[in-house]
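Visitor: okay, sequence plus prediction incoming.
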Amino acid sequence: MTPLMIICLFIPLLGTTLGSGMVFLLKKDINPNLQKLLLGFASGVMLAASIWSLLQPAIDSYEEGNFLSYLIPSLGFLAGIAFLLILDYAVPHTHINNEDERPVKAKSKLDNSMKLLLAVTIHNIPEGLAFGVVIAGAIKGTINESAMLALAIGIAIQNFPEGAIVSMPLEGEGISKPKSFFYGFLSGVVEPIAALLTIALTVFITAILPFTLSFAAGAMIYVVAEELIPEANEGKHSNLATIGLAIGFVIMMILDIALG
């Protein structure tokens with residue numbers, strides 16, 4: 001791995017860390033309208049990254065007209081959706097602003113907080129997979145390092161509001177600011193870990209790179225469709241989530257095309 005690859009590996013975690021640090025600067029509760037905007041923004045970044053950083057390179061791995069150019073990416077995409085679907089059911093967690101999934105008789109406030117932490121950690125796994133696959137592609141020479149840097153910056157931008165959305169509700173439930181920050185940071189640690197595991201797998205099995213690229217795309221789209229967009233549209237109707245999605249999508253698209 002080149003020095004740039006190593007640096008890029010931790011750029012997304014930096015975004016989560018800075019976002020989690022907002023717990024020291026802002027009030028306990030995030031303004032609902034701001035939260036809608038941030039969740040929409042995160043959705044847009046992940047959608048654009050899934051298309052240009054993951055699915056398109058997977059399709060371009062094959063010659064034009066080769067039936068594998070749509071078969072393998074399709075199978076990988078559906079496998080990524082299925083993986084997150086199973087993970088979502090298997091791991092106990094709760095969602096932001098969703099009281100129905102919290103236990104009726106929680107043993108402590110930390111129980112609820114940990115479930116929220118698990119939810120965000122689950123969301124970060126696809127991002128780690130996606131970035132690991134892109135780094136593996138850069139190592140093999142099928143993806144240039146500029147595209148890798150674009151995805152790292154895009155995920156970091158998306159992780160910033162996500163870190164704040166995690167740490168601030170935790171502090172609102174009675175967890176201290178330092179602990180809330182630590183839990184927010186911890187939710188992002190899974191990304192470089194997942195990335196390294198993916199690199200280890202994909203680098204040694206080059207043939208599965210198109211499948212793993214589309215697998216990561218499917219996992220990211222699952223998070224957007226299942227979690228981010230529904231949460232962004234909860235409560236009083238607002239177009240802020242849609243505006244945020246558009247802004248995030250365009251920024252990530254520009255980054256990917258300009259640096260790719």
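Guide: Everything's here; your move.
Visitor: quick check: phi and psi at residue 64.
Guide: Residue 64 has phi and psi values of phi -60, psi 130 when expressed as degrees, to the nearest 10.
Visitor: so how many other residues sit close to it?
Guide: 7 (other Cβ atoms under 10 Å). Every residue, glycine included, has its C-beta placed from N, CA and C.
Visitor: residues making contact with stretch 248-256?
Guide: Applying Cβ atoms under 8 Å, 6 or more residues apart in numbering, the contact partners of stretch 248-256 are 40-49, 52-53, 147, 150-151, 153-154, 157-158.
Visitor: report the helix or strand with the lowest average pLDDT across the chain.
Guide: Every helix and strand of the chain was ranked by mean pLDDT, DSSP states H and E. The lowest is helix 109-140, at a mean of 76.
Visitor: could I get the buried residue list for whichever helix or strand comes after that one?
Guide: Counting by DSSP states H and E, the next helix or strand C-terminal to helix 109-140 is helix 145-172. Across helix 145-172, burial judged by 16 or more other Cβ atoms under 10 Å covers 145, 147-171.
Visitor: please apply the same query to stretch 13-30.
Guide: 13, 14, 15, 16, 17, 19, 20, 21, 22, 23, 30.
Visitor: tell me the gap between whatever helix or strand residue 89 lives in and the middle of its chain.
Guide: Assigned by DSSP H and E, residue 89 belongs to helix 68-90. Remark: helix 68-90 is offset 16 Å from the chain centroid, using Cα atoms, centre = their mean, to the nearest Å.
Visitor: wait, residue 232 sits on residue 40?
Guide: Yes - assessed by Cβ atoms under 8 Å, residue 232 is found in contact with residue 40 at 4.8 Å.
Visitor: overlap of the contact sets of those two?
Guide: Counting by Cβ under 8 Å, 6+ apart, the residues touching both residue 232 and residue 40 are 241, 244, 245.
Visitor: mind listing which of those residues are in helices?
Guide: Here DSSP state H is the test, and the shared contacts of residue 232 and residue 40 give 241, 244, 245 as lying in helices.
Visitor: buried subset of those as a PyMOL selection?
Guide: Only the buried entries of those go into this PyMOL selection, using 16+ other Cβ under 10 Å:
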select buried, resi 241+244+245
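Visitor: and whichever strand or helix holds residue 34, what does it pack against?
Guide: Residue 34 belongs to helix 32-48 when elements are defined using DSSP H and E. On a contact count with 3 or more Cβ pairs under 8 Å, 6 or more residues apart in numbering; DSSP states H and E, helix 32-48 meets helix 145-172, helix 209-223, helix 229-232, helix 240-259.
Visitor: looking just at contacts, which helices and strands does the first one meet?
Guide: It stands for helix 145-172. Helix 145-172 packs on helix 3-20, helix 32-48, helix 109-140, helix 177-204, helix 240-259, going by 3+ Cβ pairs under 8 Å, 6+ apart.
Visitor: what mean pLDDT does it get?
Guide: In this model, helix 145-172 has a mean pLDDT of 83.
Visitor: picking that back up, other SSEs contacting the least confident helix or strand of the chain?
Guide: Packing contacts for helix 109-140, counted by 3+ Cβ pairs under 8 Å, 6+ apart, involve helix 3-20, helix 68-90, helix 145-172, helix 177-204, helix 209-223.
Visitor: what's stretch 18-36 in contact with?
Guide: 38, 96, 159-172, 177, 180-181, 183-185, 188, 232-233, 235-236, 238, 240-241, 244.
Visitor: quick one: low-confidence ranges for this protein?
Guide: Low-confidence segments of the chain, defined by pLDDT under 70, span residues 27-29, 91-116, 260.
Visitor: center of it - which residue?
Guide: Geometric centre of the chain, nearest residue: residue 127, 4.0 Å, by Cα atoms, centre = their mean.
Visitor: in this structure, which residue sits furthest out from the middle?
Guide: The centre of the chain is farthest from one residue, residue 65, which by Cα atoms, centre = their mean lies 31.9 Å away.
Visitor: that one and residue 81: what is the separation?
Guide: Distance, residue 65 to residue 81, using Cβ to Cβ, to the nearest Å: 27 Å.
Visitor: next one: residue 136
Guide: 21 Å.
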